[in-house]
Structure formats: structure tokens, C-alpha cells
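Visitor: here is my input; please provide its structure:
(4 chains)
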Amino acid sequence: MYSLEAKNLSKWRDHYCVFTDVSFSLNSGESLWIRGDNGAGKTSLIRILAGLSKANDGELLWNNESFLADNSSYQGALHYLSHQQTLIPHLTVLESIQLLFPMLGAKAASDISLSLNDVGLAGFEQHKVQNLSAGQKQRLSLLRLLLRNKPLWILDEPQSHLDREGQAWLFDTIERHISNKGMVIIISHAKDLPLTHVKSLDL
Amino acid sequence: MLLSELKTLYKLEWRQFSRSQGQWLFPVMLFILVIVLFTVGIDPEAHRLQQMAPAVIWCAFLLSLLLALDHMWRDDYQNGVLEQMLLHSESPLQLLLHRVVVRWVLSIVPLLLCLPLAISMLQMPMTIFMPSLLALAAGSFVFWSLGSALSALTLNDRRPALMSLLLLPMAVPIVIFGSRVIKQSAMGESVSGLVLMLVGLSILSLSITPWIMFAGMRLNLD
Amino acid sequence: MKKWFHQWVSPPHLYERADRYAKVFLFLAIASILVALYGGLVLAPADYQQGDAFRIIYVHVPSAWLSMFAYAFMAGASFVALVWRFSAAHAVATVIAPIGAVFTLLCLLTGSLWGKPMWGTWWEWDARMTSELVLLLIYLGYIALRLSFEEQAKADKAAAIFALIGVVNLPIIHYSVYWWNTLHQGATVSKIGKPSITWDMGWPLLLMTIGFMLFFGAITLMATRGELLSRERRTKWVKELVDINRGVN
Amino acid sequence: MQEFFSMGGYAFYVWSSFGFSIAGLIYLYLASKSSFKKKFNEVSIWQIRENKRVDK
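Guide: So this is what the prediction gives:
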């Protein structure tokens, strides 16, 4: 069982306040949906949670222990997917999985064709990433989530570029992760998230 | 754990190098072009060429490296790979340092292979080959590591010129010592002291720059 | 000691004191510069080798000294700001950079004007002139780096790091240029022997340097006040201060 | 007096050096002064705007 708690987080950029007094708590088997208008500071918040940025004020507790941005037990437990697709254009799909993803915290896949089948990219092994469509790139970068099992997923608009089928697959995967006692923090512009046990946080 | 990480890094860098659609040739082409332009700017008589040669070789070499330095972090910064690498690495400092060294080797080897060509174009004796090779390797490492640090510091700036303007004033000592190596070895004098000086500078830069790189990245990723 | 220092560099305290000190410094600076001008231009005898042209030393050397002193001060402030997180030190470093650049430019200009009659050329690749030119480029780089950031906090950190890189590099540049210069020095014939400075030539130089330093202190403090206000605009003391001066209360 | 201004034939170099230096110092003084004023005005305008925003 894990728990993540944020108390009164605030972020400033010079004299401009990005957000103040953000608090939430999240336990295993729950997900947090971060909503808000453009520029409300969703990405800033999520980057603080991923340990890439520091809050100016407030506290973050992982398993009831406070951590600084470089706490290794917390860092080792999370998987952060940014809104960028985090792919190198002139590698092939296969090379991305074998070489790039291990650099980005995923294990080398044991059965590549099976995992590619999972995200609907079977048969594209030798295609270069730059030749894939935006949706296919998104599927490929989501594959990283499956390659190493980490309890906390932090996802910045994961369903962008995905078609209906892709979205269904994505939310199925998230749902499965949550029911396996995982935790998910997700930014989404969707009107409605097809997830159970979802808390929402409005910025 | 770290070892396997580094092994993956080497493989990844090599794959990117071999897939870069000839991009590794651009610095080499620039190197030759600068020498050609310098030469057509004067009357190419042997003694005049020999007088200019040390400066021309060094300036052409460093300018070509600038071209390669521009891609040191920028591409990975823009597509988000850099932050993920730092986030998930066991030892980000070492990872960055290894990447700097790998890229340095991949960039200077093609340039050094052109050195005999440059020497003969400038009508210098081939005896200067070995000393200048050593000096160029050591001097370029100082330049390269400082350049990587400064480009990490200027990641958020989209204009590629800023890093060059910060870096080039710092190249003054390298060019002074380095071109002296070429000049003295052409006259048959001993240059080991000068080469050692450049090696010393590269050790100094190796001990300082990883911290600057790391700080620069943290700052620009915030 | 540390507590005292902390209190002294707290922005409202610095802001308030800076005004007073700036006025005192400015007064002393103008007084000593005027006396030194009189001493240097009228009282000091002409040099037996260089004649009256040597008087350029009274503005050239103080600006050269200030150009380096300002850099050292800026780097020191950057170091303090990075290590102990004094926001006021970042403000000081910010305002020093352009001031230091102006002094460096003055040093190059006066050096060039001195070089023309003595060496017969506006620019001689003299070791000091060359490293002074590199220093100017580093100042300009520092300012450009600062301007490239939108966010002040980031600009502060990056610029401070760059200032410290410069501190390591400048001595290396300086000595390498000296070494380079002595190697080819044989070719140039210079009219300047080592000018042995006597006391009646020396005191105006010393006084002028002190005057320049006081002046540097005064304008740095004045500019720092504005920078502090701008950086601390959210704090209570700035709000009160602005309200009082606007007569709102 | 004539002799003083001619500076032993180096008048141009000596006087322009001193002229540039004094001009530089005056420029620095004016620039610092005006930067303080500029910053002060900037902050007071910012504060008026901020007060309005908070009142809303």
C-alpha cells in the first residue's frame, strides 16, 4: 500500500502566482484527475509531483514521509509521461523499445511482438518513428508504462492524438493498473473520464 | 545497474550517429571549407600558408565543433527525452559525462582523420601530424566539455548563437597553446610541455563541467 | 557575525542604508576625483620619456582596475547568492555587469588613445589590452545570458554560474595571453620603458583610483535600490514604501 | 595656460581620454539614477494594477 499526500502546495514564477494552496491525498487503488483551463498550472503541478520542479511552498508526503525533490524511494516508484512524446525521430520502433526505453526507466521488453500487439503496433517494428502517425507515436510512448511496473503513474494528457479504440485501450490499462493497487495521476481535458475510483482536483 | 545503463547509452549514441543521415559529415565539410576560404583570401605561397597554418587549423577545428555542439542536448531537450533520462537514471551526473565523452569522440574522430589533408593543403611538413593530433584532441576536449556545460545553461534560448558567444572568449588559451604546438613542432622543437598544459586544462574542465551541466539542466527543466 | 550579515543584507535594510551610503560615497568620490584631476593634470610633472601623454594613466589605470574589481565583486556576489541564497546579492550582481562593462570599455578606449602616440597604432596586441578585450566580451556574454531568460529566478542562477565559470577562466586567459605576448614582444618597439613612478606622479593616481572605487560604490548602490524594489514588489515593505511615496497611505 | 591645454603636443589624446572617462562616469551616474526611477514607477504601476485585480 502506498499513499501520496500534498499539503498546500504553491508555485510562483517571479511575481506571477501559478497556483496556491493545492492539497490532495491519494491512496493505492485510486486515481486523481487534474482539471483546469489552459494556463491554470496543471503541468507545473504535475512536474512538481514528478520531481522535476520544486514547489515554493507546501509539503509532499510519500507513505507519510516528507520528501525533497530528489528522494530516491519516491523517484523509484513513479512513472511520468510528459505531454511530449519522448521519442527520437530517426530510430525505428524496435530500436526505441530496445535502446531508448531502457534509458527512460523501462525494462527491455521480454516479448516485443506481444507488447507491440498490445498497443496495436504489430508489424511496424522496422518503421522509423518519424514516419508514424501522431496517434501511433502516442501509442508507442504509452508502451513504456507497461514495460516496468511502477505503482504511481503520472500522465500528462495521455489520450491526446488517440482514436476511440486507442482511448478505450488506454483507459482499460489504467483501470487494470488501479485495480492492481496502483495509483494514477492524470491530466485530461475530457468531459468525463471512464474510470472508477476517480477523485478530481480543479485548478 | 549503472554499467548496463552506460552500455545502453553507448549503443543508443552509436545508433543515432549511424542513423543521422550524414549529419556527422557537416563539421568535416565546414573544417575543409574554412581552410579553403582562408587560403583563397591570401596569395597561397608556401611560407605565407605555413605562417597562417596553426591559427587556421585551430579556428577551423573549433568552429566545426561548434556545429556539432549545437546538437549536444537541444534535440533531446525539445522532444522530452532529456528530462526522462535525468529522472530515471541511477546516476545522472555520470550519465551526462559519458554522453559528453561519447559525442566528443564521435565528433572529433572524423575531423582528426582530415588532419593530414589539412596539413598538406597548408603545405606544412607531415612531421607535425602526431603533436598536433594530441594537441587538438586535448584542446578540443576542453572546448567541448565547456561548450556542453554552456549549452546546458542556455537550453531555453532558441537562438544557437548565444552559446557560441559565451564559449568562444574562453577558447583564447586553447588557441594560444594549441597553435603554438603546431608552430613549434614545425620548427622541430619539443612541444611536450605545451601538450601537457592542454591535458591539464582538460582535466580541470572535466572536474568542473559536469556540475555546471547538471545545474543548467535542472534550471531549464523547471 | 553571520546574524549581523544576514540583517545587513536583508532587502529593506539594504534599501534604506543604500540611499545614505550612496550619497556619502558620491560626495567623497567627486571630491577625490576633482583633487586627483588637479593633481594629475596640473601638479604632476611630465614624464621624461612620454611627456604629457603619460597623464592618460590617471584615467586608464583606474578604469582598468575597476573593470577587474567589478568582475571580482560580481562573482563574489554571485557566489554568496548561490551558496547562501541571498536574493539581494543577485540584485547586486545584476546591476554590476553593465557598470563593469562600461569601465572595461573606458579602459580600452583610453588605452587605445594612449597607444596611438606611444606605439604609433590605435590597437597593439599588448597582453593587457587583449585580456581586457576578452573581459569585455565576457561581460557582454553575461548580460546576454541574463536577457535570454524570461524568468528572473532562472536568469539569476544561470548568470551566477556563468560568472563563476568566468572567475576560473579569466586568470587562465590572462596568463596565457601574457605568455603569448612575451613570445612575440621582440618585434614591437615600444617607447614605454617601465615608468618609474615618483610620489608626486603617484598620489593623484592613487587618489583617482580611490575616487573611481567610491564612485563605483555609489552608483552600484543607487542601481541596486531600484533592482531590489522591482524584485521584492510583492513584499510588505515595498508596498508600504510605494504607498507612502505616492501619498496614498 | 596655452601650454597647459596643448599638453606638450598630446592635447588630442590626453583631452579625449579624460573627456571619454568623465563622460563615461556621468553616463553611469545618470543611467543608475534613471534606472532607479524607472523601476520605482514600474513597481507602483504594477501595484495599482495588482490592487485592482485583488479588489475584483
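Visitor: how about the contacts made by the spatially most central residue of chain C?
Guide: The centroid of chain C falls nearest to residue C:70 when counting by C-alpha atoms, centre = their mean (3.3 Å). For residue C:70, the contact set (C-beta atoms under 8 Å, 6 or more residues apart in numbering or on different chains) comprises C:96, C:99-100, C:103, C:216. Glycine gets a C-beta too; all of them are placed from N, C-alpha and C.
Visitor: so residue A:141 sits right up against residue A:81, yeah?
Guide: Yes: if you go by C-beta atoms under 8 Å, residue A:141 and residue A:81 touch, sitting 6.6 Å apart.
Visitor: can you give the domain ranges for chain A?
Guide: With domains defined by automatic domain parsing, chain A comprises A:1-77+A:150-163+A:171-203, A:84-144.
Visitor: so what's whichever residue of chain A sits closest to chain C closest to, chain neighbours aside?
Guide: Using C-beta to the nearest C-beta, residue A:14 is the residue of chain A that sits closest to chain C, at 4.8 Å. Nearest residue to residue A:14 in three dimensions, chain neighbours excluded: residue C:152, at 4.8 Å (C-beta to C-beta, 6 or more residues apart in numbering or on different chains).
Visitor: swap in residue C:72?
Guide: residue C:167 (7.8 Å).
Visitor: which strands and helices lie in contact with the strand or helix carrying the one you found?
Guide: Secondary structure assignment for residue C:167, by DSSP states H and E: helix C:152-184. Packed against helix C:152-184 by the contact rule (3 or more C-beta pairs under 8 Å, 6 or more residues apart in numbering or on different chains; DSSP states H and E) you find helix B:129-153, helix B:172-186, helix B:192-221, helix C:57-84, helix C:87-119, helix C:127-147.
Visitor: change it to 6 Å
Guide: Other helices and strands packing on helix C:152-184, by 3 or more C-beta pairs under 6 Å, 6 or more residues apart in numbering or on different chains; DSSP states H and E, are helix B:172-186, helix B:192-221, helix C:57-84, helix C:127-147.
Visitor: most packed of the ones you listed?
Guide: Highest mean neighbour count among the helices and strands packed on helix C:152-184 (mean count of other C-beta atoms under 10 Å in any protein chain shown): helix B:172-186, with a mean of 23.
Visitor: so residue C:156 is in contact with residue C:90, correct?
Guide: Yes: counting by C-beta atoms under 6 Å, residue C:90 is a contact partner of residue C:156 at 4.2 Å.
Visitor: ok, then the element right after the helix or strand of chain C with the lowest mean pLDDT?
Guide: The least trusted helix or strand in chain C, going by mean pLDDT, DSSP states H and E, turns out to be helix C:2-8, with a mean of 72. Going down the chain from helix C:2-8, the next helix or strand is helix C:11-38, by DSSP H and E.
Visitor: how many other residues sit next to whichever residue of chain C sits closest to chain A?
Guide: Distances from chain C to chain A, computed as C-beta to the nearest C-beta, single out residue C:152 as the nearest residue at 4.8 Å. Residue C:152: 18 surrounding residues under other C-beta atoms under 10 Å in any protein chain shown.
Visitor: could you report the pLDDT at residue B:126?
Guide: With respect to pLDDT, residue B:126 scores 90.
Visitor: before we move on, what about residue C:191?
Guide: 44.
Visitor: roughly how far does residue B:196 sit from residue C:168?
Guide: 19 Å (C-beta to C-beta, to the nearest Å).
Visitor: what do you get for residue B:136?
Guide: 23 Å.
Visitor: who has more neighbours, the two?
Guide: Comparing residue B:136 with residue C:168 by other C-beta under 10 Å, the one with more neighbours is residue B:136, at 23 against 13.
Visitor: confirm residue A:59 sits in a strand?
Guide: Yes: applying DSSP: H, G, I helix; E, B strand; the rest coil, one finds residue A:59 inside a strand.
Visitor: phi first, then psi, for the closest residue to it other than its chain neighbours.
Guide: Leaving aside its sequence neighbours, residue A:59 sits nearest to residue A:7 (C-beta to C-beta, 6+ apart; 4.5 Å). Residue A:7 adopts backbone torsions of phi -120, psi 120, taken as degrees, to the nearest 10.
Visitor: now do the contacts for residue A:7.
Guide: Contacts for residue A:7 were tallied using C-beta atoms under 6 Å, 6 or more residues apart in numbering or on different chains; they are A:23, A:58-59.
Visitor: try it again with 8 Å
Guide: A:23, A:58-61.
Visitor: give me the buried subset of those residues.
Guide: Buried members of those, counted by 16 or more other C-beta atoms under 10 Å in any protein chain shown: A:58, A:60.
Visitor: how about JSON lines for the contacts of residue A:7, with pLDDT added?
Guide: Listed next are these as JSON lines, based on pLDDT from 0 to 100:
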{"residue": "A:23", "pLDDT": "89"}
{"residue": "A:58", "pLDDT": "87"}
{"residue": "A:59", "pLDDT": "86"}
{"residue": "A:60", "pLDDT": "87"}
{"residue": "A:61", "pLDDT": "86"}
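Visitor: would JSON lines of the contacts of residue A:7 with distance to residue B:177 be doable?
Guide: Converted to JSON lines, the contacts of residue A:7 look like this (distance: C-beta to C-beta, whole Å):
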{"residue": "A:23", "distance to residue B:177": "59"}
{"residue": "A:58", "distance to residue B:177": "52"}
{"residue": "A:59", "distance to residue B:177": "53"}
{"residue": "A:60", "distance to residue B:177": "50"}
{"residue": "A:61", "distance to residue B:177": "55"}
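Visitor: ok, so of the contacts of residue A:7, who is nearest chain D?
Guide: For the contacts of residue A:7, the nearest to chain D is residue A:58 (21.5 Å; C-beta to the nearest C-beta).
Visitor: pretty sure the closest one contacts residue A:12?
Guide: No: judged on C-beta under 8 Å, residue A:58 makes no contact with residue A:12 at a distance of 11.5 Å.
Visitor: can you show me the strands along the chain?
Guide: With no chain named, the answer covers chain A. A:3-13, A:16-27, A:30-35, A:57-62, A:65-66, A:78-81, A:152-156, A:183-187, A:198-202 (DSSP state E).
Visitor: CA atoms only for stretch D:40-56, dumped as PDB, please.
Guide: What follows is stretch D:40-56, C-alpha atoms only, in PDB (Å, rounded to 0.1, in the frame of the first residue of the first chain):
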ATOM      1  CA  PHE D  40      10.100  52.700  -8.900                       C
ATOM      2  CA  ASN D  41       7.500  53.800 -11.400                       C
ATOM      3  CA  GLU D  42       7.200  50.300 -12.800                       C
ATOM      4  CA  VAL D  43       6.600  48.900  -9.300                       C
ATOM      5  CA  SER D  44       4.000  51.500  -8.400                       C
ATOM      6  CA  ILE D  45       2.100  50.900 -11.600                       C
ATOM      7  CA  TRP D  46       2.300  47.200 -11.000                       C
ATOM      8  CA  GLN D  47       0.900  47.700  -7.500                       C
ATOM      9  CA  ILE D  48      -2.000  49.800  -8.600                       C
ATOM     10  CA  ARG D  49      -2.900  47.100 -11.100                       C
ATOM     11  CA  GLU D  50      -2.500  44.400  -8.600                       C
ATOM     12  CA  ASN D  51      -4.700  46.100  -6.100                       C
ATOM     13  CA  LYS D  52      -7.400  46.500  -8.600                       C
ATOM     14  CA  ARG D  53      -7.100  42.800  -9.500                       C
ATOM     15  CA  VAL D  54      -7.400  41.800  -5.900                       C
ATOM     16  CA  ASP D  55     -10.400  44.100  -5.200                       C
ATOM     17  CA  LYS D  56     -12.200  42.500  -8.100                       C
END
